[in-house]
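Colleague: Here is my input; please provide its structure:
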Amino acid sequence: MKKTAVIVGAGPAGLTAALELLRQSDIRPVLLEASHEIGGISRTVRHKGNRMDIGGHRFFSKSDRVMRWWLDLIPVESGPAQDGPLHFQGQQRDMPEIKLSANPLSDDLVMLVRQRKSRIYFLRKFFDYPLSLTAATFRNMGITRTFQCGVSYMRSALLPQRDEKTLEDFLINRFGKQLYLTFFKSYTEKVWGVPCHEISAEWGAQRIKGLSLIGVVKHYLTKTFAGKQPGNIAQKQTETSLIERFLYPKFGPGQLWEHVAQLITEAGGEIHMGIQIDRFQVEGNTFLAAEGVNENGERVSFPGDYFFSTMPVRELVRAISIPVPPEVTEVSDGLIYRDFITVGLLAKNLIATEKDGSPLKDNWIYIQEPDVLVGRLQIFNNWSPWLVNAPDKVWIGLEYFCYDSDPLWKLSDEEMAKFAIAEIAKIGILKAEDVEDYHVVRVPKTYPAYFGTYDRFNVIRDYLDKFENCFLVGRNGMHKYNNQDHSMLTAMTAVENIVNGITSKDNIWAINTEMEYHEESKK
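Modeller: Presented below is the predicted three-dimensional model:
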């Protein structure tokens, strides 16, 4: 009789685990998803023919395995955009050797090769993101601020904070206090809702390792004197924040994960939607079944031999049927999550433009202005033109970070849209009267926080790792601010542990801690 793996959550980690189980073993995966959406925060939201990417997802990884995994599922667009080799561990391989190309004009299942552009909006001006050494940067900052930033950086370089305990320490050491105050503090505190000196330096080590003012200078010199290298999509030697090309599914990230879900069901796996898991039946050190409520209000139970959890750790601990040690419960209950709102706006046009008057080319813009709450702006047209139903319109997403107890979270959709329109008009991005439609999406527990009781998280990990047939994977599953490629790798590693009879979970927890790739993007 086939063994069963019960997987809670149909996001990147859960879906990857299911497909890898089908590929590498005879274990039958059963996915249980609380919502009716595939892909978790990597899903694509549809609204009247328009599509929204929640948070923005570049398909780039320094993991060879993840890059191959994506490209084996969706072919890259044909033509000049995909010319040239990919680089994997110093080896070159032509794109067609990974997957046959496709034409985005006639084929739907296709990876686009997109140009990356991100900027900071501050002082009602655009700055390169990450910061670049250009005349425009110095002109926007002004002579006085530029001088202050230079002196401040030299002070930090000569006398760094030796013991980096907080994110503030981490950023000041790499950029100097003045640059930190100018370009990092406001946005970061919008995201987390607490001062940077209350956030663990581990967040910086995971999300922006390798990026510093020295890195900006090196990139500037390399780009200026080494010349361009078109076609090198893998770009393994480039710090991720400086990557200039990436892959992106024609219809957004959810297209890939919906395709994966289809492959899973076709191969005999199961996916059940609308299942709210609230209890795990446990005996000793073994998980026996996941229990919950379906959309009809009925209690349902899913027995299994293996269990993968991508649900928030706090909810997992509360759902365990046997008594949990008080210290574990205390740390679990003290974990904090940041929630997320995206307001999609369909407009005639933006009044903010490039210098030549053409539409903005940015994928996303970090809003550093302290007089508004909006943290980031996406321009969906620039991710993929197929995300927008009417090519003569502009389709943008305004991103807000909050807690589900905040007044902002509790606004009606209409109130939230009005608030967002007023803010983006206030800072000169568009005119309120040019907005023709809106769509509001709320995503709870998007960001596992590196404060609260996180500094004692090892108490939870030590307890949960004792359950040999339970594997914590993904962002919320591990309470780690992973990107989708890291989440995928945790699932792949967990599956390989099962196949190879490895009981230690250390290699799963090591992903994005001891890896060479650390993503800087604040999504």
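Colleague: ranges for the strands of the stretch 51-200 of the chain?
Modeller: Using DSSP state E, counting those that start in this stretch, the strands of the stretch 51-200 of the chain run over residues 85-88, 91-94, 111-115, 118-122, 125-128.
Colleague: Thr265 and Met273 touch, don't they?
Modeller: No. Shown here, Thr265 and Met273 do not form a contact pair, counting by CB atoms under 8 Å, at 11.8 Å. Heads up, the C-betas are built off the backbone N, CA and C, glycines and all.
Colleague: which neighbours do these two share?
Modeller: Counting by CB atoms under 8 Å, 6 or more residues apart in numbering, Thr265 and Met273 have no contacts in common.
Colleague: With neighbour numbers in mind, choose between the two.
Modeller: Met273 (15 against 12; other CB atoms under 10 Å).
Colleague: Tell me the spacing between that one and Leu31.
Modeller: Counting by CB to CB, to the nearest Å, the gap from Met273 to Leu31 is 9 Å.
Colleague: and the residue nearest to Arg155 when sequence neighbours are not counted, what does it touch?
Modeller: Of all residues not flanking Arg155 in the chain, Gly176 sits nearest, at 6.7 Å (CB to CB, 6 or more residues apart in numbering). By CB under 8 Å, 6+ apart, the contact list for Gly176 reads Cys149, Ser152, Tyr153, Met154, Arg155, Ser156, Ala157, Leu213.
Colleague: Selecting buried members of these in PyMOL, what would you type?
Modeller: Command for PyMOL that selects the buried part of the contacts of Gly176, burial taken from 16 or more other CB atoms under 10 Å:
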select buried, resi 149+152+153+156+213
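Colleague: just the contacts of Gly176 now: which is nearest Gly254?
Modeller: Using CB to CB, Leu213 is the member of the contacts of Gly176 that lies nearest Gly254, at 36.6 Å.
Colleague: export stretch 24-41 as CSV, just CAs?
Modeller: Only the C-alpha atoms of stretch 24-41 are listed here, as CSV (Å, rounded to 0.1, in the frame of the first residue of the first chain):
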residue,chain,number,x,y,z
GLN,A,24,11.2,10.7,-6.6
SER,A,25,9.1,8.2,-4.8
ASP,A,26,5.8,6.3,-4.7
ILE,A,27,4.5,8.4,-1.9
ARG,A,28,1.1,10.0,-2.6
PRO,A,29,0.9,13.7,-1.8
VAL,A,30,-2.3,15.2,-0.4
LEU,A,31,-2.3,19.0,-0.3
LEU,A,32,-4.6,20.9,2.0
GLU,A,33,-5.1,24.6,1.2
ALA,A,34,-7.2,26.9,3.4
SER,A,35,-8.0,29.4,0.6
HIS,A,36,-9.2,28.8,-3.0
GLU,A,37,-6.0,30.1,-4.5
ILE,A,38,-3.0,28.2,-5.7
GLY,A,39,0.5,29.7,-5.1
GLY,A,40,0.3,31.3,-1.7
ILE,A,41,1.8,34.8,-1.8
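Colleague: Quick one: mean pLDDT over that stretch.
Modeller: Stretch 24-41 comes out with an average pLDDT of 97.
Colleague: And for stretch 54-73?
Modeller: The average pLDDT within stretch 54-73 is 88.
Colleague: which residues do Met273 and Leu31 both contact?
Modeller: Common contact partners of Met273 and Leu31 (CB under 8 Å, 6+ apart): Ala10.
Colleague: just to revisit the earlier point, using JSON lines, please lay out the contacts of Gly176 together with distance to Val374.
Modeller: Converted to JSON lines, the contacts of Gly176 look like this (distance: CB to CB, whole Å):
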{"residue": "Cys149", "distance to Val374": "25"}
{"residue": "Ser152", "distance to Val374": "28"}
{"residue": "Tyr153", "distance to Val374": "29"}
{"residue": "Met154", "distance to Val374": "34"}
{"residue": "Arg155", "distance to Val374": "33"}
{"residue": "Ser156", "distance to Val374": "30"}
{"residue": "Ala157", "distance to Val374": "33"}
{"residue": "Leu213", "distance to Val374": "27"}
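Colleague: out of the contacts of Gly176, which are inside helices?
Modeller: Counting by DSSP state H, the contacts of Gly176 place Cys149, Ser152, Tyr153, Met154, Arg155, Ser156, Ala157, Leu213 in helices.
Colleague: what's the first-to-last distance across stretch 245-259?
Modeller: 23 Å (CA to CA, to the nearest Å).
Colleague: Check stretch 172-192 too.
Modeller: Stretch 172-192 has an end-to-end distance of 18 Å (CA to CA).
Colleague: Point out where the stretch 101-250 of the chain drops to low pLDDT.
Modeller: Within the stretch 101-250 of the chain, the stretches with pLDDT under 70 are 130-135, 203-244.
Colleague: and if we set it to 50?
Modeller: Residue ranges of the stretch 101-250 of the chain with pLDDT under 50: 217, 219-221, 223-225, 227-231, 238-243.
Colleague: next one: the stretch 401-523 of the chain
Modeller: Across the stretch 401-523 of the chain, the ranges flagged by pLDDT under 50 are 514-523.
Colleague: quick one: the helices in it?
Modeller: For the stretch 401-523 of the chain, the helices defined by DSSP state H, counting those that start in this stretch cover 407-410, 413-426, 457-464, 475-478, 484-500, 506-509.
Colleague: now do the stretch 1-150 of the chain
Modeller: Using DSSP H, counting those that start in this stretch, helices in the stretch 1-150 of the chain cover 12-24, 64-73, 95-98, 135-141, 143-158.
Colleague: Give me whichever of the ones you listed is most buried.
Modeller: Comparing those on average neighbours per residue, with mean count of other CB atoms under 10 Å, the densest one is helix 12-24 at a mean of 26.
Colleague: which strands and helices sit next to that one?
Modeller: In terms of contacts (3 or more CB pairs under 8 Å, 6 or more residues apart in numbering; DSSP states H and E), helix 12-24 is packed against strand 4-8, strand 28-33, helix 253-266, strand 306-309, helix 484-500.
Colleague: could you dump these to JSON lines with distance to Tyr180?
Modeller: Formatted as JSON lines, the helices and strands packed on helix 12-24 follow (distance: least, CB to CB, whole Å):
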{"stretch": "strand 4-8", "distance to Tyr180": "39"}
{"stretch": "strand 28-33", "distance to Tyr180": "40"}
{"stretch": "helix 253-266", "distance to Tyr180": "31"}
{"stretch": "strand 306-309", "distance to Tyr180": "36"}
{"stretch": "helix 484-500", "distance to Tyr180": "26"}
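Colleague: neighbours around Ile424, how many?
Modeller: For Ile424, the tally of surrounding residues (other CB under 10 Å) stands at 25.
Colleague: Hmm, it is touching Tyr438, no?
Modeller: No. Taking contacts as CB under 8 Å, Ile424 lies outside contact range of Tyr438: 11.3 Å.
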